[in-house]
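S.K.: 3D model of this:
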Amino acid sequence: MIAPIRWERHRLLLLDQRLLPVEERMREYTRWRDVADAIRTLVVRGAPAIGCAAAFGVVLAARQSGAPDGEGLVADVEEAIKGLAATRPTAVNLFWALDRMRGVAEAHRALPVPALRERLLGEAQAILDEDLAGNKALGAHGAALVPQRARILTHCNAGALATAGFGTALGVIRAAHEHGRVALVWVDETRPVMQGSRLTAWEMVKEGIPHRLIADVAAGFVMKQGEVDLVIVGADRIAANGDTANKIGTYSVAVLARHHNVPFYVAAPLSTIDPSIPSGAAIPIEERGDDEVRSLGGRQTAPAETPVYNPAFDVTPAELIAGIITERGVFRFPYSFK
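M.R.: Next comes the predicted model:
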């Protein structure tokens, strides 16, 4: 099984996703600020994976702290939580995981420092284990929606690399593949960072799942040709009404799917649902650097003087989503997650 996040010998190990598919390298982390940098620079990415990594970042902050008592340790942990929270504004799992870690720290601040550190480590490990188990349950619910000999289109990477190790959208595809239901997975390349071609295709090769890589702009054409039976994507934040933020380009795929009568599904754990946000209009959208768009694979593809607009995510309206697949089952429009 692909394991992009591991805790070993008091260190956090992250699979550096920037190097895939050419090189598989685990990087070691012992400082929370380095974990924050890893999240910011996409060493680790995908909403659930970011949450898991940040939780262990808090553990490292507790280990780094020289505080003599729980009160001082909690203060040092809070500094780390704020720093980790500032890395990626759209992925709600990040804030959900950090809130859990904060709750444990504050509830047990009277404990001796070694005991409080162990409590924090236990909570981070629980977040990782729960994500893995939840995604497997999610995959089972989603697999029931997949017809025999299905041709599935997916956008970006919502697989093992984006989670604790099984995947959301790709978790559904994995489970359906295990039941012999997947004929082909269409993999959008996912410009500008190419998570589809670099990461999803890599996972498909690892798992032996039949797939074909296409340029993002080919998605509508393969739907028109009748070559897509359903679309399954992940999510970085889901509003209370079901509006869903995911990798830029997802909205376009949803519009194309609706036009061609192709069911469009979102697969995400319940931790991705943000009940504090009534609709997608209130979801903060991260903007990333210009060079992600002006270059490809380290090679400049546009004039350096050309202005760039580079939103990392877009929001798909709830009415375009046929179902939201979670570990508790499949929710249908109009969405209510209570």
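
S.K.: and residue 125, how far is that from residue 273?
M.R.: As for residue 125, its distance to residue 273 is 23 Å (criterion: C-beta to C-beta, to the nearest Å). (Each C-beta comes from the backbone N, C-alpha and C, glycine too.)

S.K.: of those two, who's got more company?
M.R.: residue 273 (22 against 15; other C-beta atoms under 10 Å).

S.K.: ok, and the closest non-adjacent residue to that one?
M.R.: residue 238 (4.6 Å; C-beta to C-beta, 6 or more residues apart in numbering).

S.K.: quick one, helices of this structure?
M.R.: 32-40, 47-64, 70-85, 92-107, 113-143, 169-178, 195, 201-207, 219-224, 250-259, 291-294 (DSSP state H).

S.K.: these: which one's closest to residue 234?
M.R.: helix 169-178 (4.6 Å; C-beta to C-beta).

S.K.: just to revisit the earlier point, was I right about the residue nearest to residue 273 contacting residue 270?
M.R.: No. The pair residue 238 and residue 270 fails to qualify as a contact (C-beta atoms under 8 Å) at a distance of 9.2 Å.

S.K.: for the residue nearest to residue 273, what are its contacts?
M.R.: 92, 244-245, 266, 268, 272-274, 324 (C-beta atoms under 8 Å, 6 or more residues apart in numbering).

S.K.: with just CA atoms, put stretch 313-331 into PDB.
M.R.: C-alpha atoms of stretch 313-331 as PDB (Å, rounded to 0.1, in the frame of the first residue of the first chain):
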ATOM      1  CA  PHE A 313      -9.100  25.900  -6.700                       C
ATOM      2  CA  ASP A 314     -12.500  26.600  -8.100                       C
ATOM      3  CA  VAL A 315     -16.000  25.900  -6.700                       C
ATOM      4  CA  THR A 316     -18.500  23.600  -8.300                       C
ATOM      5  CA  PRO A 317     -22.200  24.400  -7.400                       C
ATOM      6  CA  ALA A 318     -24.000  21.800  -5.500                       C
ATOM      7  CA  GLU A 319     -26.700  21.400  -8.200                       C
ATOM      8  CA  LEU A 320     -24.000  20.000 -10.600                       C
ATOM      9  CA  ILE A 321     -23.100  17.200  -8.200                       C
ATOM     10  CA  ALA A 322     -25.000  13.900  -8.500                       C
ATOM     11  CA  GLY A 323     -23.800  12.800  -5.100                       C
ATOM     12  CA  ILE A 324     -21.200  13.400  -2.400                       C
ATOM     13  CA  ILE A 325     -19.600  10.200  -1.200                       C
ATOM     14  CA  THR A 326     -18.500  10.000   2.400                       C
ATOM     15  CA  GLU A 327     -17.600   7.300   4.900                       C
ATOM     16  CA  ARG A 328     -21.200   7.500   6.200                       C
ATOM     17  CA  GLY A 329     -22.700   7.000   2.800                       C
ATOM     18  CA  VAL A 330     -23.800   9.000  -0.300                       C
ATOM     19  CA  PHE A 331     -25.600  12.300   0.200                       C
END
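
S.K.: list the buried residues for it?
M.R.: Within stretch 313-331, the residues scored as buried using 16 or more other C-beta atoms under 10 Å are 313-318, 320-327, 330-331.

S.K.: which among those gets closest to residue 144?
M.R.: residue 330 (8.2 Å).

S.K.: report the beta-bridge partners for that closest one.
M.R.: Beta-bridge partners of residue 330, counted by DSSP bridges, are residue 325.

S.K.: so it sits against residue 323, correct?
M.R.: Yes. Residue 330 is within contact range of residue 323, at 4.6 Å (criterion: C-beta under 8 Å).

S.K.: so for residue 338, which of the helices of the chain sits nearest?
M.R.: Nearest of the helices of the chain (C-beta to C-beta): helix 92-107, 17.2 Å.

S.K.: could you dump the contacts of residue 238 into JSON lines with distance to residue 158 added?
M.R.: Shown next, in JSON lines, are the contacts of residue 238 (distance: C-beta to C-beta, whole Å):
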{"residue": "92", "distance to residue 158": "15"}
{"residue": "244", "distance to residue 158": "12"}
{"residue": "245", "distance to residue 158": "13"}
{"residue": "266", "distance to residue 158": "9"}
{"residue": "268", "distance to residue 158": "8"}
{"residue": "272", "distance to residue 158": "10"}
{"residue": "273", "distance to residue 158": "15"}
{"residue": "274", "distance to residue 158": "17"}
{"residue": "324", "distance to residue 158": "13"}
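
S.K.: overlap in contacts of residue 330 and residue 323?
M.R.: Joint contacts of residue 330 and residue 323 (C-beta under 8 Å, 6+ apart) are residue 145.

S.K.: in the protein, where's the longest strand?
M.R.: In the chain, taking DSSP state E as the definition, the longest strand is strand 182-188.

S.K.: what residue of this protein is the furthest out?
M.R.: residue 68 (36.6 Å; C-alpha atoms, centre = their mean).
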